[in-house]
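K.L.:
sequence and predicted structure below; questions after.
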Amino acid sequence: MDRIGVVGCGLMGSGIAEIAARAGADVIVLERNAEALAAGVARIEKSLTRAVAANKMPEDEANLARSNLSFTEDFTRLADRQLVIEAVAEDEATKLQVFQRLDAVVSDPEAILATNTSSIPIIKLAMATRRPEQVIGMHFFNPVPVLRLTEVISSLLTSPETTTRIRDYATNSLHKKVIDSKDRAGFVVNALLIPYLLSSIRMLESGFATAEDIDTGMVVGCAHPMGPLALTDLIGLDTTLAVAESLYEEFKESHLATPPLLSRMVQAGLLGRKSGQGFYSYK
């Protein structure tokens, strides 16, 4: 697959577009408006420049990636894509609209429509199309150019051929380590990670320990590279809330219930890394 589309150029979409372009694909990136596109272009450029400066990528490879990228606000530009990866906000209604439009626009009968959702069951998105056997989950991790893991999630309707093609592409072209997941909310990583993050928020909310001590305990005591509250800020409080709500909706388990502190912070616009304000700035 050498004609790739990416819908969304935020933190995740820009990273996905970058690694696909670095792998040699012709990549078209779609965003909703010129402002969002400009921000996405700047994000990719910053990432490439930083990689060259850190001697992690030669300048000619960065220039090749730049030449492989084009940007648009026009859905019809994705018509000839062999693979389109959706990376818009973690909102089911928004993603359903994207998949309906992709299904209408993408003309290649063998094209695969993938989603980077971190929590929404793939089959819900697949049923919004006329090609559910060619809809699959490709869950990347932030920052995409650095973290090697990709979860591949096949729904009950995803064909074995689609799964094989995506596993091969992620492994051999994008050089990711692939793990397979059942199509359940949260998949493998978030089904384990989100309850841990929620527990750390409840501990902070109860006054049992400070944010600094919670994170230091897990970094120094358990050799985690980052504490749970700092990680929640990095992921984004709104994204964490969305995933937690999806998990609770499916499993109805008490440890997945949203801590009131998290809801209050999101309502107040304290969204972690996206706004520069999170648990370390919350009083």
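P.N.:
In hand now; what should we look at?

K.L.:
wait, is V29 part of a strand?
P.N.:
Yes. When DSSP: H, G, I helix; E, B strand; the rest coil is applied, V29 is found to be in a strand.

K.L.:
what separation do you get for it and D74?
P.N.:
12 Å (C-beta to C-beta, to the nearest Å). All C-beta spots, glycine's among them, are computed from the backbone N, C-alpha and C.

K.L.:
more neighbours: which of those two?
P.N.:
The residue with more neighbours, out of V29 and D74, is V29; 28 against 10, by other C-beta atoms under 10 Å.

K.L.:
for the closest residue to R32 other than its chain neighbours, what are its contacts?
P.N.:
The spatially closest residue to R32, leaving aside those adjacent along the chain, is E73, at 7.0 Å (C-beta to C-beta, 6 or more residues apart in numbering). Taking C-beta atoms under 8 Å, 6 or more residues apart in numbering, we find E73 in contact with 30-34, 37.

K.L.:
how about these, which pair is most distant?
P.N.:
L30 and A34 (12.2 Å; C-beta to C-beta).

K.L.:
which residues in the stretch 1-150 of the chain form helices?
P.N.:
Remark: helices assigned in the stretch 1-150 of the chain by DSSP state H, counting those that start in this stretch are 11-22, 34-53, 59-67, 92-105, 122-126.

K.L.:
pick the most deeply packed of those helices.
P.N.:
When the helices of the stretch 1-150 of the chain are scored by mean count of other C-beta atoms under 10 Å, the highest mean neighbour count falls to helix 11-22 (a mean of 25).

K.L.:
what angle do that one and helix 59-67 make?
P.N.:
Following axes from the mean of the first three to the mean of the last three C-alpha atoms, to 10 degrees, one obtains 110 degrees for the angle between helix 11-22 and helix 59-67.

K.L.:
low-scoring stretches of this protein, by residue?
P.N.:
Residues of the chain meeting the criterion pLDDT under 70: 274-276, 282-283.

K.L.:
how does it divide into domains?
P.N.:
With domains defined by automatic domain parsing, the chain comprises 3-181, 189-267.

K.L.:
quick check: which of these is nearest to G278?
P.N.:
When these are compared by C-beta to C-beta, domain 189-267 sits nearest G278, at 3.4 Å.

K.L.:
what's the first-to-last distance across that closest one?
P.N.:
Across domain 189-267, the terminal residues are separated by 26 Å (C-alpha to C-alpha, to the nearest Å).

K.L.:
and if you look at stretch 70-84?
P.N.:
Where stretch 70-84 begins and where it ends lie 14 Å apart, using C-alpha to C-alpha.

K.L.:
also stretch 133-144?
P.N.:
26 Å.

K.L.:
quick one: V29 and G13, what's the gap?
P.N.:
Taken as C-beta to C-beta, the span from V29 to G13 is 7 Å.

K.L.:
now the residue nearest to R32, what are its backbone angles?
P.N.:
Per-residue torsions, E73: phi -110, psi 0 (degrees, to the nearest 10).

K.L.:
ok, P160 next?
P.N.:
Phi and psi for P160, reported as degrees, to the nearest 10, are phi -60, psi -30.

K.L.:
again with A23
P.N.:
Note on A23: backbone dihedrals following degrees, to the nearest 10 are phi -80, psi 0.

K.L.:
which residue packs closest to it, ignoring adjacent ones?
P.N.:
S173 is the one closest to A23 (C-beta to C-beta, 6+ apart), at 4.7 Å.

K.L.:
that older thread, mind giving me a markdown table with the domains of the chain and columns for distance to Q277?
P.N.:
A markdown table is the format used below for the domains of the chain (distance: least, C-beta to C-beta, whole Å):
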| stretch | distance to Q277 |
| --- | --- |
| domain 3-181 | 16 |
| domain 189-267 | 9 |
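
K.L.:
tell me which of those lies nearest to Y280.
P.N.:
Of all the domains of the chain, it is domain 189-267 that lies closest to Y280, at 5.9 Å by C-beta to C-beta.

K.L.:
return the set of buried residues in the helix or strand hosting R165.
P.N.:
According to DSSP states H and E, R165 maps onto helix 160-168. Within helix 160-168, the residues that count as buried by 16 or more other C-beta atoms under 10 Å are 162-163, 165-167.
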